[in-house]
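Student: Okay, predicted coordinates and the sequence, questions at the end:
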Amino acid sequence: MDSPSSSGPSFDASVSAASESAGARRAHTTARALLEIEAVKLRPNDPFTWSSGMVAPIYCDNRLTISHPGVRRAIRDGFRSIVSEQSLLPATVAGTATAGIPHAAWLAEATDQPMVYVRSSAKEHGTGARIEGHLDRETDVIVLEDLISTGGSALDAVEAVRNAGASVTAVLAIFSYELEAAAAAFDEADVPRRVLTDFSTLVEVAHGESRVSTADLEGLHTWREDPAAWSREHGGEAPDRA
């Protein structure tokens, strides 16, 4: 599960508890903001069709966050808090193309760190670069993504960074659907992930604000437990990767 709270060993239980509390507050604040600007939409009774053909009761478009100065500053500050709590600096911040690029730029600027971005594929002209910007070998890198669904795009960027001779210390994202496929993929890749907020927190906030009914809440949790089965039951496809 993609916990928005920090995790890992700590020599000071009080510091760990404070960090977890801060993470929980950050997760609720971020979830509320994403719902308010409709970057995340919930439609259990009129589901969305994803590009893969999968049908789902939720759709996330975090690109909308760049149009809201208050929200994007909160996201930047949330990421800055995570890298501080997890002692991830110094590091090069690597944004995934294209949605991760602006948030990577804002985080790199706020923390005075180098930045690069990772193309989905190498360009077919010039140098044929996959990674744009200067990346030293054997340097630590934080990969920044806007959204984690199955984890495919983020882990593809991780592989590109590793192939360039650098080390990925963490993947950061604004939101995670908390799908089991992503958890398994990140475990296999042996890279930690940290998110500002996640599916469980977001639907809890939505229910608390009466954006969804109790029955809808149960349906949303049923989807997360088995997205492929839910999609088939609602007339959609069930691809291996969403």
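Tutor: Thanks, I have the structure now.

Student: Which parts of this protein are strands?
Tutor: Taking DSSP state E as the test, the strands found in the chain are 40-42, 48-49, 55-56, 58-60, 92-96, 115-118, 131-132, 140-148, 167-176, 193-198.

Student: which helices and strands sit right next to the lengthiest helix in the chain?
Tutor: Ordering each helix of the chain by length in residues (DSSP state H) puts helix 13-36 first. Helices and strands touching helix 13-36, by 3 or more C-beta pairs under 8 Å, 6 or more residues apart in numbering; DSSP states H and E, are helix 69-85, strand 167-176, strand 193-198, helix 199-208. C-beta: built from backbone N, CA, C; applies to glycine.

Student: Pass me the low-pLDDT residue ranges in this protein, would you?
Tutor: 1-19, 124, 126-127, 240-242 (pLDDT under 70).

Student: rewinding a little: out of the helices and strands packed on helix 13-36, which is closest to residue 136?
Tutor: Proximity to residue 136 (C-beta to C-beta) singles out strand 167-176 among the helices and strands packed on helix 13-36, at 10.9 Å.

Student: Tell me the buried residues in that closest one?
Tutor: 168-176 (16 or more other C-beta atoms under 10 Å).

Student: and it, which strands flank it?
Tutor: Strand pairing for strand 167-176, determined by DSSP bridges: strand 140-148 (parallel), strand 193-198 (parallel).

Student: which stretch among those strands comes nearest residue 92?
Tutor: Of all the strands paired with strand 167-176, strand 140-148 comes closest under C-beta to C-beta, at 4.9 Å.

Student: can you state the direction angle for the closest one and helix 69-85?
Tutor: Interaxial angle, strand 140-148 versus helix 69-85 (axes from the mean of the first three to the mean of the last three C-alpha atoms, to 10 degrees): 140 degrees.

Student: Give me the angle between strand 140-148 and strand 92-96.
Tutor: Inter-element angle recorded for strand 140-148 and strand 92-96: 30 degrees (by the same axes, to 10 degrees).

Student: Find out how far strand 140-148 is from the centre of the chain, if you would.
Tutor: Offset of strand 140-148 from its chain centre (C-alpha atoms, centre = their mean, to the nearest Å): 7 Å.

Student: Output the strands of the chain as JSON lines; include the columns distance to residue 225.
Tutor: Listed next are the strands of the chain as JSON lines, based on distance: least, C-beta to C-beta, whole Å:
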{"stretch": "strand 40-42", "distance to residue 225": "16"}
{"stretch": "strand 48-49", "distance to residue 225": "18"}
{"stretch": "strand 55-56", "distance to residue 225": "13"}
{"stretch": "strand 58-60", "distance to residue 225": "13"}
{"stretch": "strand 92-96", "distance to residue 225": "27"}
{"stretch": "strand 115-118", "distance to residue 225": "32"}
{"stretch": "strand 131-132", "distance to residue 225": "37"}
{"stretch": "strand 140-148", "distance to residue 225": "17"}
{"stretch": "strand 167-176", "distance to residue 225": "15"}
{"stretch": "strand 193-198", "distance to residue 225": "15"}
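
Student: between those, which gets nearest to residue 83?
Tutor: strand 140-148 (6.6 Å).
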